[in-house]
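In: When you get a sec, could you give me coordinates for this:
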Amino acid sequence: MNTDPIADYLTRVRNASSAGLKMVEIPGSNIKKAITQILFDQGYILNYKFEEDDKQGVIKIALKYNSSTRVPVITKLQRASRPGLRKYSGSEDMPRILNGLGIAIVSTSKGVITDKEARKLNVGGEVICYVY
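Out: Numbers count the residues shown, from 1 in each chain. This next block holds a predicted model:
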């Protein structure tokens, strides 16, 4: 049994990306759907599809690579807050990843959003992961 589903999600995407796979299937949940939507909106993945099945559903993610060099677009996918050590940040202390080139995904009272949106909405929350 997996005790940290977000870490499992990030590890599956990271491993599939480094192996050069085109698709990765991940067991679904609401937080994973929100993270996938953010990755799609920010241009880190090509596409995704959520398929319902009898239990929890499956998220199918089409990974994105550089067309000429076949290098993955996601170079680093790092878990920030974990079950043993939660990491919270206020709107003024929100981390800037690679001086604004990467994103931090944050769980706030307004939902799961990027660090830039959290600063704009002036809300803080739990920093889930860093992507660049």
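In: drop to CA atoms for contacts and neighbour counts, all remaining ones
Out: Noted.
In: Just confirm residue 62 is within a strand.
Out: Yes. Going by DSSP: H, G, I helix; E, B strand; the rest coil, the assignment for residue 62 places it inside a strand.
In: so it sits right up against residue 24, yeah?
Out: Yes. Using Cα atoms under 8 Å, residue 62 is in contact with residue 24, at 6.7 Å.
In: if you count what's nearby, which of those two comes out ahead?
Out: residue 62 (20 against 17; other Cα atoms under 10 Å).
In: out of everything not next to it in sequence, what's closest to that one?
Out: residue 23 (4.6 Å; Cα to Cα, 6 or more residues apart in numbering).
In: again, but for residue 76
Out: Distances taken as Cα to Cα, 6+ apart place residue 132 nearest to residue 76, at 5.3 Å, with adjacent residues excluded.
In: Now do the contacts for that neighbour.
Out: Neighbouring residues of residue 132 by Cα atoms under 8 Å, 6 or more residues apart in numbering: 74, 75, 76, 77, 97, 98, 101, 102, 103.
In: The nearest residue in space to residue 131 that is not next to it in sequence and residue 69: what is the separation?
Out: Nearest residue to residue 131 in three dimensions, chain neighbours excluded: residue 77, at 4.8 Å (Cα to Cα, 6+ apart). Note on residue 77: its distance to residue 69, by Cα to Cα, to the nearest Å, is 20 Å.
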